[in-house]
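> Attaching a predicted model along with its sequence, questions to come.
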Amino acid sequence: MAALQIHQFPCLSDNFGVLIHDPATGMTASIDVPDAEPVRQALAAKGWKLTHILVTHHHADHTQGVLPLKSQTGCTVIGPKNEAAKIKGLDRTVGGGDSFDFGGARVEVLDTPGHTAGHITFYIPSAKVAFVGDTLFAIGCGRVIEGTPEMMWESLSRLAKLPGDTTIYCGHEYTQSNARFALGIEPGNAALVARAAEVDKLRAAGKPTLPTRLDVELETNPFLRPHIAAIRKQLGMETAADWEVFAEIRERKNRG
Ligand code: ZN
Ligand code: FE
């Protein structure tokens, strides 16, 4: 079975569009549709015909292109059942534990609420890839808008348990500011210091810092590291629960 092909490109000011394509069947999915026109252009450039849209959550910068693309292509739209009422054009709703076939691959759905109440992640084990929307970012995580910090921590913990070599596609290019913030939380993390320099270099060259890999995030992303002693000490939270340390880091990021 030929491997899935994945194409990432910038959309709006700091969103990403992502297309996944199964060469054997010609099936092509857009992960969210931040904006219909750049997604249409990317499809044309690749010569791929859209068959599916996979929606991670209801926010406009992930869904506003869904209806225009659906009406042009007749594609099938699959999205989160726990916030289905907020998304127009859904043909099928899915939630944690569900899975479906995409070409020769199996797509597993994980519930990752917190940023929104019904946010989901699409995970394809055979391709070692996860599309996490606005739950996890490179060196960061999404704002907890509709859920609670405990809920968001549980979602991030779920993602953290995926295999370390899983490639992670995120909704936004926020890495450089995330890195600056993370250095204040864990200044002694040599891997983070090195990565922050690498991120600066990529951004200076106008290149994306994504996708990322889960093992890299586990080493450098403070939002996945509330159990680390140096971070707890830095925050004066040596005896707190992991989710409380996570909540404090998230709170500081909101203020900063
Ligand atoms: Zn969002
Ligand atoms: Fe977003």
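Received the coordinates, thanks. Ligands and ions are numbered 1, 2, ... in the order given.
> and the residue lying closest to Gly256 once chain neighbours are set aside, what is it in contact with?
Distances taken as C-beta to C-beta, 6 or more residues apart in numbering place Phe181 nearest to Gly256, at 5.7 Å, with adjacent residues excluded. Where C-beta positions appear, they are placed from N, C-alpha and C, glycine not excepted. By C-beta atoms under 8 Å, 6 or more residues apart in numbering, the residues touching Phe181 are Gly140, Pro222, Arg252, Lys253, Gly256.
> Quickly note the distance from the last one to Phe246.
As judged by C-beta to C-beta, to the nearest Å, Gly256 and Phe246 stand 16 Å apart.
> So between those two, which is more surrounded?
Just comparing Gly256 and Phe246: by other C-beta atoms under 10 Å the higher neighbour count belongs to Phe246, 26 against 9.
> So which bits of the helix or strand hosting the residue nearest to Gly256 are buried?
Element membership for Phe181 (DSSP states H and E) is helix 175-185. Buried residues in helix 175-185, counted by 16 or more other C-beta atoms under 10 Å: Thr175, Gln176, Asn178, Ala179, Phe181, Ala182, Leu183, Ile185.
> repeat for stretch 219-236
Residues 219-226, 228, 231-232, 234-235 are the ones in stretch 219-236 that count as buried (16+ other C-beta under 10 Å).
> all strands for the stretch 101-250 of the chain, in order.
Counting by DSSP state E, counting those that start in this stretch, the segments of the stretch 101-250 of the chain that form strands are 105-111, 120-124, 129-133, 136-137, 140-141, 167-170, 212-213.
> who in this protein is up against ligand 2?
Applying C-beta under 5 Å from the ion, we find that the chain lies next to ligand 2 at Asp61, Asp134, Gly171.
> The second one contacts Gly140, correct?
Just to be clear, that refers to Asp134. No: shown here, Asp134 and Gly140 do not form a contact pair, counting by C-beta atoms under 8 Å, at 10.1 Å.
> Could you list the low-confidence segments of the stretch 1-150 of the chain?
For the stretch 1-150 of the chain, applying pLDDT under 70 flags the ranges 1.
> Try it again at 90.
Across the stretch 1-150 of the chain, the ranges flagged by pLDDT under 90 are 1-2.
> ok, which stretches of it are helices?
Remark: helices assigned in the stretch 1-150 of the chain by DSSP state H, counting those that start in this stretch are 36-46, 60-63, 66-73, 149-160.
> quick one, which of those helices is nearest to Ala194?
Nearest to Ala194, of all these, is helix 149-160, at 21.1 Å by C-beta to C-beta.
> quick check, that closest one touching ligand 1?
No: Helix 149-160 is not in contact with ligand 1 by C-beta under 5 Å from the ion; minimum separation 12.6 Å.
> try stretch 101-114
No: contact of stretch 101-114 with ligand 1 (C-beta under 5 Å from the ion) is absent, the minimum separation being 10.8 Å.
> quick one: buried residues of that stretch?
The neighbour-count check on stretch 101-114 (16+ other C-beta under 10 Å) flags Phe102, Gly103, Gly104, Ala105, Val107, Glu108, Val109, Leu110, Asp111, Thr112, Pro113, Gly114 as buried.
> Stretch 195-209 too?
Residues of stretch 195-209 classed as buried by neighbour count (16+ other C-beta under 10 Å): Arg195, Ala196, Val199, Leu202, Thr209.
> what does that stretch contact?
8, 10, 16, 138-139, 173, 175-176, 179-180, 182-183, 216, 220.
> With stretch 152-168 instead?
Contacts for stretch 152-168 (C-beta under 8 Å, 6+ apart): 110-115, 119, 121, 123, 128-130, 132, 135-136, 138, 141-142, 144, 147, 210-215, 217-218, 223-224, 226, 242-243, 246-247, 250.
> what about it, start to end distance?
End-to-end distance of stretch 152-168 (C-alpha to C-alpha, to the nearest Å): 17 Å.
> Quick check: buried residues in that stretch?
Met152, Trp153, Glu154, Ser155, Leu156, Arg158, Leu159, Ala160, Leu162, Thr166, Thr167, Ile168.
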